[in-house]
Structures are given as C-alpha cells and as structure tokens.
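Novice: what follows is a predicted structure for the sequence shown.
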Amino acid sequence: MTEPIWNQFLTERDKTVFATSGYGARQGFGKRPALLIIDVNYAFCGDKPEPILESIKKWRNSCGEDAWTALPYIRALVDKAHEKGLPVIYTTGVRRGDLWDSGSWAWKNNRSAEDVSNKTVISNFDGNEIMPQIAPGPQDIVVYKQKPSGFFGTNLASYLTLLGCDSLIVTGTTTSGCVRASVLDAFSLNYRITLAEEGCFDRAQASHAINLCDMNAKYADVLKTAEVLAFFDTLPKGMFDLPKGVAAPEPHPLRKAAGY
C-alpha cells in the first residue's frame, strides 16, 4: 500500500500522534455529492506546462507543471460527473480593473500591482478564465469569489441547498489556500467532504502535502482519484435537477449592425 504523500514530511513523533489520537478516521462519502473545482484558471496554471520557476515569472500565482499534471484527473472527474448527472461547480476570481476590491490580497505579496490590467499585460488570456481542458458545460455552475473560500460572500451554500447536496468532492488549487478555506467552511456547514488527491495542487510541495495531512486528519477524506471515480460509478443517474443551460445570447441588434 502506498504511503500518504504527507508521510515524507512528518517526524516519527508526528506519525505516532496521528496513530494514537483517533484523528484521520474514514468518514465515507455522502449520498448526494457535488463536484467542486476551485480556481483552476490561467492565473494558477499558467498558459502552458512548464517548470514553476519559469511559469511564475509571467503568472505570479502559477503552480507550474503540477497544475498541468492535475488537469487530466480533474477532467476525468468532470466527465464522470456529467455522465451521472451530478452537479459540477467551479469557482474562480473576479476583480475590478483598478483592483480596489482586492483589499487584503494586496498586503502580503509585493508583486500584486502586476495584476492591474492597464499596467502590465502578461498574456492574451484572462487570468480568471477557467482552463479550457476542464471548461464548464451548459449545466455547470460557476461561482465568482474574491476571498479564499468558495463560500465567503457567494451563493455557493444556497446553490448546494437548492440542489439538495449533502457532500462535496473537492479538487483544485491551492491546497493550502483556497481549497483548504473552502473545505473548512464546508466542514463547518456539516457537509461530508472528500478531496481527490491528484486533482489538488499547490506552489509548495510541503504546503500541499501537509495541508492534505491536516484536512485528512480533521475535516475530510483524502482519496485517490480512482477511488472517487469508482464511487461515482455506484451512483444512479438523474438524481439532480440541474440547470438546463442556454446557448450564448445573440448580440443586441444595434450592436450587431454596428459591428461591435
């Protein structure tokens, strides 16, 4: 059996504490899960697979090649969720052009000024655009947020209530930041939470592993993606009344005529 990814960072004392304290018990899946994909966008993935030290020169929040390694695992989960008719919910960021609404995000990073769109153009891609490899479909839900947790200041909890969800399968980035913040809020709201290990990623390897360790100990089950996919296979189709989805609207006639 493969050791957990975090074991390489734990002391023997730590391992003994976890073994005897009772934490880390398997809680199990819920009955009506939603797949939650947190912030898998260009800002955190970069515009191409490359080593993180190269990627962060352009995309300061990039997780480098680890993001691109995670994308096929997330895609597999999205495809299976669609096949079963399960809710697929994405989060991504949203900001004013002048970044006034960034608030406290600007206080702990000395490159935050680079995000002002009219000062530094780093790419033709919008950093908040969800990666095309896992792009939302018509029935999927996108939640726009400004703080780490997908629940803070958003409609996420009300959507889960509307759907009748009792649990979340969580993927995305960063493990130590927005993923963890969302997991803690979901835990506080009494959802059962599972993290698909290979579908989560971070900039720092130690932060990724230790935060998976902490969440597995107290708040969630950290499982291999294959086990989550096998669980999805056990679920019946058609459990949820999902959004119907609509085609993109036609341009306004006046704008269309003017060539806008």
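Specialist: Sure, I can see it. Numbering: from 1, shown residues only.

Novice: just the pLDDT for Ile134.
Specialist: The model reports Ile134 with a pLDDT of 97.

Novice: can you count the residues close to it?
Specialist: The burial count assigned to Ile134 is 26, neighbours taken as other Cβ atoms under 10 Å. C-beta here means a position set from N, CA and C on the backbone, and glycine is covered the same way.

Novice: for it, what are its contacts?
Specialist: Shown in contact with Ile134 (Cβ atoms under 8 Å, 6 or more residues apart in numbering): Ile37, Val40, Leu71, Ile74, Arg75, Val78.

Novice: got it, and His208?
Specialist: Ile5, Asp66, Thr174, Thr175, Ser176, Cys200, Phe201, Asp202.

Novice: mind putting those in a markdown table, secondary structure included?
Specialist: As requested, the contacts of His208 are exported to a markdown table (DSSP: H, G, I helix; E, B strand; the rest coil):
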| residue | secondary structure |
| --- | --- |
| Ile5 | helix |
| Asp66 | helix |
| Thr174 | coil |
| Thr175 | helix |
| Ser176 | helix |
| Cys200 | strand |
| Phe201 | strand |
| Asp202 | coil |
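
Novice: mind putting those residues in a markdown table, distance to Tyr191 included?
Specialist: Shown next, in a markdown table, are the contacts of His208 (distance: Cβ to Cβ, whole Å):
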| residue | distance to Tyr191 |
| --- | --- |
| Ile5 | 24 |
| Asp66 | 26 |
| Thr174 | 20 |
| Thr175 | 18 |
| Ser176 | 20 |
| Cys200 | 17 |
| Phe201 | 22 |
| Asp202 | 22 |
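
Novice: can you map out the strands along the stretch 1-150 of the chain?
Specialist: Along the stretch 1-150 of the chain, counting by DSSP state E, counting those that start in this stretch, strands occupy 33-38, 88-93, 141-145.

Novice: tell me the most buried of those strands?
Specialist: Most buried of those, by mean neighbour count (mean count of other Cβ atoms under 10 Å): strand 33-38, with a mean of 27.

Novice: need the buried ones from the contacts of His208 selected in ChimeraX.
Specialist: One line in ChimeraX is enough to select the buried members of those, burial here meaning 16 or more other Cβ atoms under 10 Å:
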select :5,66,174,175,176,200,201,202
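
Novice: for this protein, which spans come out with low pLDDT?
Specialist: 1, 116-123, 247-260 (pLDDT under 70).

Novice: could you pull out the helices in the protein for me?
Specialist: Here the chain has its helices, by DSSP state H, at 12-21, 42-45, 52-58, 65-84, 156-163, 180-188, 205-218, 225-233, 253-258.

Novice: of those helices, which is nearest Arg95?
Specialist: Closest approach to Arg95 among these is made by helix 42-45 (10.5 Å; Cβ to Cβ).

Novice: gap between the closest one and the chain center?
Specialist: How far helix 42-45 lies from its chain's middle: 12 Å, per Cα atoms, centre = their mean, to the nearest Å.

Novice: can you check stretch 192-204 too?
Specialist: The answer for stretch 192-204 is 8 Å, by Cα atoms, centre = their mean.

Novice: quick one: buried residues of that stretch?
Specialist: Residues of stretch 192-204 classed as buried: Arg192, Ile193, Thr194, Leu195, Ala196, Glu197, Glu198, Gly199, Cys200, Phe201, Asp202, Arg203 (neighbour count, 16+ other Cβ under 10 Å).

Novice: my read: the second one touches Cys165, true?
Specialist: No: counting by Cβ atoms under 8 Å, Cys165 is not a contact partner of Ile193; they are 11.3 Å apart.
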